[in-house]
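Undergrad: here are the coordinates; sequence isn't available:
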Ligand code: ADP
């Protein structure tokens, strides 16, 4: 099946057009600066160079129209007719407790997604905008929502509950949901394939270290705990997000600086993390470069970042009563030997021992980077969330229709 995978942000639409029979990504790209001056469509067909087109893109509908039209274009396209797009798979951030798997988008599902905006006001509205845009541009096509949260639905109550009055959970659904689920699942399964060990016999910790970052404890294929919580703010230090902290701190700062809710939210999500500590950048490459040139604040930010990863490795090994594999993925995890080295430091007591030569040369390859004698296998694996979304989309459509069809309900 040929599936258009869409990942909508507030001012961007990322896409990939994937043939699930060959698992080849036929084209990928991104529309950025939607609704702003200087909107641009960057498009890369699998067999031709990247093209960058400046155009006026007012909203997500125009963005999806631009994507479909470049997929069809004579010079940069990969299809001859719109009908070659057989389905759309959407990355949806929050599926709440309700969506434990990907779901065919129907009017009833749309109602549920709108109800979930309360839980994910920063993410779900854009995802819904993307679904509506596809519905308008590609009417009648089956659309499937694949949730960042679904993989974590197996986390037990003792790990998902916060120490708040229980009524807050009952009334507002306040609990750990976790995110990046498609990526954690994908790299865990890749690691099991690379190691030639069945996933249901392994205890794995996956570290998805991108701009957003999270770690998951996966016990025999099942997510049992993860660092992101009610929102993607909890857990690891990230590019611009604080990660774990004493919740009273924000109350204190709000009072001292007379911050509004919106300003407090911006402080935690946009001005904290690597950026906030270093004052240099939210980009790990620039942090490492500055640290190597003697910038002590960049070094401090890097140290906090890796210390927290190390702390969670220890904690999740305890949660699972053991560890077979530790997997690094996403922009930082796949590319930074320095972050992997610092994160695995002083963990020899757990049986984690990196082969520094393999670690340094791992870049861009799915590979084992632990030493031959290491009790725990450490791996570097490229994530592919879009492929998981395409696979899930096909699975859901086939399970509902027996075969791909174009009979989805109008949203
Ligand atoms: P997103 O969460 O936006 O998908 P990515 O997975 O692309 O993010 O990761 C982006 C992060 O990866 C940035 O902080 C970037 O600096 C970092 N990164 C990319 N390449 C390298 C590298 N060679 N060394 C260190 N960090 C890198």
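TA: Okay, I see it. In this text the structure is predicted, and so the values were computed from the model without any measurement.
Undergrad: Tell me who's in contact with residue 188.
TA: Residues counted as contacts of residue 188 (CB atoms under 8 Å, 6 or more residues apart in numbering) are 199, 204, 206, 216, 218, 221, 327. Just so you know, the C-beta spots here come from the backbone N, C-alpha and C atoms, and that holds for glycine as well.
Undergrad: go again using 7 Å as the cut-off
TA: 199, 204, 206, 218, 327 (CB atoms under 7 Å, 6 or more residues apart in numbering).
Undergrad: I'd guessed the first one sits against residue 189; true?
TA: Yes. Assessed by CB atoms under 7 Å, residue 199 is found in contact with residue 189 at 5.8 Å.
Undergrad: what is in contact with the two at once?
TA: What both residue 199 and residue 189 touch, as defined by CB under 7 Å, 6+ apart, is an empty set.
Undergrad: The two: which has the busier surroundings?
TA: residue 199 (19 against 16; other CB atoms under 10 Å).
Undergrad: Next one: that one from residue 271, what distance?
TA: Using CB to CB, to the nearest Å, we find residue 199 at a distance of 39 Å from residue 271.
Undergrad: wait, what's in contact with residue 55?
TA: Residue 55 neighbours (CB under 7 Å, 6+ apart): 39, 41, 66.
Undergrad: Those in helices, which ones?
TA: residue 66 (DSSP state H).
Undergrad: Could I get the full set of strands for the stretch 251-400 of the chain?
TA: For the stretch 251-400 of the chain, applying DSSP state E, counting those that start in this stretch gives strands covering 325-329, 367-368, 377-380.
Undergrad: so of the ones you listed, which one's packed in deepest?
TA: strand 325-329 (a mean of 28; mean count of other CB atoms under 10 Å).
Undergrad: And for it, what's in contact with it?
TA: 183, 187-188, 191, 195, 202, 204-209, 313, 334, 340, 352, 376-383.
Undergrad: That one and the ligand, are they touching?
TA: No. Contact of strand 325-329 with the ligand (CB under 6 Å from any ligand atom) is absent, the minimum separation being 8.2 Å.
Undergrad: ends of stretch 200-216, how far apart?
TA: 16 Å (CA to CA, to the nearest Å).
Undergrad: so how far is that stretch from its chain's centroid?
TA: 11 Å (CA atoms, centre = their mean, to the nearest Å).
Undergrad: And the pLDDT at the residue in the stretch 101-250 of the chain that the ligand sits nearest to?
TA: Per CB to the nearest ligand atom, residue 210 is where the stretch 101-250 of the chain lies closest to the ligand, at 2.7 Å. For residue 210, the pLDDT comes out at 94.
Undergrad: The chain should start at 178 in everything you say after this.
TA: I'll keep to 178 as the first residue from here, and by that count the last item is residue 387.
Undergrad: Could I get the contacting residues of it?
TA: Counted by CB under 7 Å, 6+ apart, residue 387 has contacts 507-509.
Undergrad: And for residue 515?
TA: residue 465.
Undergrad: how near is it to residue 536?
TA: In terms of CB to CB, residue 515 sits 9 Å off from residue 536.
Undergrad: still on that earlier bit, same for the ligand: which of the contacts of residue 387 are within range?
TA: 507-509.
Undergrad: From those residues, pick the one nearest the ligand.
TA: residue 508 (1.9 Å).
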